[in-house]
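J.: With the sequence up front, the predicted model follows.
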Amino acid sequence: MSPSNCTFCNIISRKLPAEILFENQHVVSILDINPIHFGHALVIPKSHCKDFIDLPREFLPEIFHCAQIVAQAMVTGLRLEGFNIFSNNGRIAGQSVFHFHLHVTPRYEDDNIKFVLKLKSYENGEMERYAGVIRQHIKT
């Protein structure tokens, strides 16, 4: 996907409308057009990058600082007791716009949203094997 046909790039360049919550030279935060709960926000780098792995390292502090600013405003303004921050990376993980973004979504008691996980247990030696494979590919 090129920046010219990217929904978020077009929002950033003001070719598409959005409810902007916060903006600086590196990031923008908008309300999600299809929210989990009203107030659900997205934090988007202004530089086009398809996913978390593609995100330049220098944007990390800006992304998380913006998420913190928006989350604090959400907690105060919407009187929240909690919120989730997450990112979907890759189609299999639920990513639908291939420009990295963080979701900041309000949570409410009895909101019927469940992250239902089937937790696994490592068998003998599997934890060490997985750790070894991952360590072999860590680039610093």
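T.: Great, that's in hand. Numbering: from 1, shown residues only.
J.: and the longest helix belonging to the chain, what other elements does it pack with?
T.: Counting by DSSP state H, the longest helix found in the chain is helix 60-77. Here helix 60-77 touches strand 20-23, strand 27-31, strand 41-45, strand 82-86, strand 102-107, going by 3 or more C-beta pairs under 8 Å, 6 or more residues apart in numbering; DSSP states H and E. Glycine gets a C-beta too; all of them are placed from N, C-alpha and C.
J.: how about the ones you listed, which one is nearest residue 121?
T.: For residue 121, the closest of the helices and strands packed on helix 60-77 is strand 82-86, at 24.2 Å, according to C-beta to C-beta.
J.: Which neighbouring elements make contact with the closest one?
T.: Using 3+ C-beta pairs under 8 Å, 6+ apart, strand 82-86 sits against helix 60-77, strand 102-107.
J.: run the last query once more with 6 Å
T.: In terms of contacts (3 or more C-beta pairs under 6 Å, 6 or more residues apart in numbering; DSSP states H and E), strand 82-86 is packed against strand 102-107.
J.: ok, for residue 67, nearest residue in space, not its chain neighbours?
T.: Leaving aside its sequence neighbours, residue 67 sits nearest to residue 43 (C-beta to C-beta, 6 or more residues apart in numbering; 4.9 Å).
J.: mind listing what the one you found touches?
T.: The contact partners of residue 43, by C-beta atoms under 6 Å, 6 or more residues apart in numbering, come to 29, 63, 66-67, 102.
J.: closest to residue 8 out of the helices and strands packed on helix 60-77?
T.: Smallest distance to residue 8 across the helices and strands packed on helix 60-77 (C-beta to C-beta): 5.0 Å, for strand 41-45.
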